[in-house]
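# coords please:
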Amino acid sequence: LPSASRAAEVMAVPGYLEPATSLQDAPQGSVVVGCAEAGSKDFIAVTIQGVGIFVQDVSLRKTVHSCTVPKSHRFAAKAVCGPNNQYFACLDKPRELIAWGAETKDYQSCQRIALPKGDSAVLDILAIGTTINIIYQDGQHATVQYAEGSFGQLSVHDSFVASKKAKSVRLAWAGLFSPRAGVGSALTVLAQQGSATSLYVRAGDAWTPVAVPAPSTGATVVSACEQPGSHALLFLWSDGTLARYKLNGETVEANPITRFRAFDLEQPTAITSASPSHALIVGHRGGSTHALLWDTTYSTCQGAVDLPEGLLLQATHAGERLAVVATTSAVLTLAITCGALTLAAAMGQHEASRPYVLEAATEACAAHIPTWQKTSTEDVAAWAQNEKEKDKPAADLLHELLESKQIKSSEVFAEKFAAYLTMLKILGSPLPQPVANKLFIRCMADKSVPQNPVVALLSSGLVTYAAHKGALTALLDAERGVLCELYVLNVGDLPEEEIVKALASFMTPANIPAPSYGGKAIDASRRNETTLQMLVRAAMARSWSEDRLVAALATLSVPQATVLLSFSLLWMRRLASIPQATLTARFQDRVLPTLAQAVEWMSSLIDAHFSAFVLNKDSHALLGELRAEVTQQKADSQWASDITGVLAFLMQKKRAPIRQPVGSYSIEEVDF
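Numbers count the residues shown, from 1 in each chain. Just a heads-up that it's a prediction; the model follows:
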């Protein structure tokens, strides 16, 4: 992590999702059953009903292996990868388990073993070493060894669900889960009966049931996954709650992370881990399908993209920067950037690195507080060694900070705030998000509080819109421009409607500025930047949900939208013609949008007001300038079109050329 002097860079690396691309489409008349990781981190096994199993290399985007099946054969569940890169799949018709490898091309050459007849459907197949486990929906569990290219004896175990309850139980998820460090992965099944939810963990030959508390009455689990590096499970509930659970013996430690805003996902469907502190969540809202990149440590949405229509089946990951989403009609890949250098992500790293991460993150906050140097860590070092009493001083100091009556001087508040951060650093604990929100509300309620603690809180990325919904309006009314900018940039759950409402408040009919045509203002700097221009710059420099942004921008009047379009065009010109270092210096190291962000913002604005722009003669001059700018940029980037072909050529794996030995005598025939 950078030092405290480069604290701004720690905060300024956002996460984002790139638009989905199709990895494999199901043929007409067929559907995708599911997909699973396939040995190598870049391989995904895709199962298509009545067609076969295809192992895809997601980095090269090509099929590595495939095994076709007769059209009349029906898969019971998605295929999985087992020992020695062998693949296993259950069939319903006929009812059997098949195994195939890289040399197997079709069903006839697969190894096969018959499964017991019955009405219960297969939930999932899981491989632990050479043991293949089949989990049925009624709780039955079958195992078979696979070694040296052949199956051993199939064993069927009794259901872990009581026979009287079997028909009323729904198994929502099955997987391999390591509950704590030093313990191997165990079979884990999530079962739901009415309003009760339980985890069944297999230890040896016995299943141990563990009750799971639901976030609300009637909520059911729609998807689950293991969070890497934390020995925890993430559950996505039907009421829109994302929760983290840790096993502690025969009890579960519940940690509800967040409840999604209603306009994010009305119907969450699937979840997969994208990093130790991020999850990819997919679901539906209205008639659209969306994917969200969610920071699970501090409950912020770092990116959102639309997905093609189709019934969502599951989500999984491939490699470090790719997620895979399966629908009934196609398998899609999404490139992910998890924002690993943001403060929230840095503070949520693995326990082993937490003390160092906390020191750097706390110093990043403290870089905004001049009184930090006056606060000696020696004053709080003694109690850090006392296990029984070391939490009490931090709690007492936090109580003082939140009680406005006890602190009269703004300088004293800043010193106590710095001391509190010092205590957290020594304790090796992150600044909790609820505490950050309470401190922010306290600072907003008392105008005498100095600006530096507020800057530190906003820069941390921990403050949420839901904690103080009127904060942006209050900051704008108080003309605290720096804080307004940080609020727009760092409050992850800020609704698109709120930023558009803030922009509109500076463009009333009485004071609406004239559109800025021409290139005279291209050399402007932060010194002569108005509040409206600052808001536009900050709004362009962060990610939004595209459809929500278009809907919010559509509420602007045509004159307001025209002014906003002129500012957007101005930034597109700046970013295309002025070196990044020069722009950064002019704007005194403030966060600037990228050219791609400027184009995305402008595209959303045009989508929201295209017809109005065409019919409004006052917008025609601006549209003409925009057309000329786009034409020029297209011409400037034309040379890059050849790169696509070169990259495609380089990404194809080829056999190295074999040097032919030259004999003692040879003749070269040259055709002139």
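
# what is the mean pLDDT for the helix or strand containing Phe567?
Assigned by DSSP states H and E, Phe567 belongs to helix 558-577. The average of the pLDDT scores along helix 558-577 is 86.

# helices or strands up against that helix?
helix 496-505, helix 531-540, helix 595-615, helix 620-636 (3 or more C-beta pairs under 8 Å, 6 or more residues apart in numbering; DSSP states H and E). C-beta: built from backbone N, CA, C; applies to glycine.

# and the angle from it to helix 531-540?
Angle, helix 558-577 to helix 531-540, by axes from the mean of the first three to the mean of the last three C-alpha atoms, to 10 degrees: 60 degrees.

# Pull out the buried positions in stretch 34-47.
34-40, 42-47 (16 or more other C-beta atoms under 10 Å).

# Send over it as CSV, restricted to the C-alpha atoms.
Extracted C-alpha coordinates of stretch 34-47, given in CSV (Å, rounded to 0.1, in the frame of the first residue of the first chain):
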residue,chain,number,x,y,z
GLY,A,34,-25.0,-25.2,-15.9
CYS,A,35,-21.3,-24.7,-15.8
ALA,A,36,-18.5,-25.5,-13.3
GLU,A,37,-14.8,-24.8,-12.9
ALA,A,38,-12.8,-27.4,-14.8
GLY,A,39,-9.4,-28.1,-13.3
SER,A,40,-7.4,-25.1,-14.6
LYS,A,41,-8.3,-21.7,-13.3
ASP,A,42,-9.2,-20.6,-16.9
PHE,A,43,-11.3,-23.7,-17.9
ILE,A,44,-15.1,-23.9,-17.5
ALA,A,45,-17.1,-27.0,-18.2
VAL,A,46,-20.4,-26.1,-19.9
THR,A,47,-23.3,-28.7,-19.9
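
# Could you pull up the mean pLDDT of it?
Mean predicted lDDT for stretch 34-47 stands at 80.

# now swap in stretch 632-651 and tell me
69.

# follow-up on the earlier one: adding distance to Pro432, write the helices and strands packed on helix 558-577 out as CSV.
Formatted as CSV, the helices and strands packed on helix 558-577 follow (distance: least, C-beta to C-beta, whole Å):
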stretch, distance to Pro432
helix 496-505, 25
helix 531-540, 26
helix 595-615, 31
helix 620-636, 46
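
# Go through those and pick out the most buried.
Of all the helices and strands packed on helix 558-577, helix 531-540 has the most neighbours on average by mean count of other C-beta atoms under 10 Å, namely a mean of 21.

# now the next helix or strand after that one against helix 531-540, angle please.
Once the chain leaves helix 531-540, the next helix or strand it forms, by DSSP H and E, is helix 546-553. Following the same axes, to 10 degrees, one obtains 160 degrees for the angle between helix 546-553 and helix 531-540.

# what's the spacing between the helix or strand harbouring Leu424 and its chain's center?
Here Leu424, judged by DSSP H and E, is contained in helix 410-427. Remark: helix 410-427 is offset 32 Å from the chain centroid, using C-alpha atoms, centre = their mean, to the nearest Å.

# Could you do stretch 66-80 as well?
31 Å.

# Show me what it is in contact with.
If you take C-beta atoms under 8 Å, 6 or more residues apart in numbering as the criterion, stretch 66-80 is touched by 33-36, 45, 47, 49-55, 87-95, 100, 104-107, 110, 121-127, 314.
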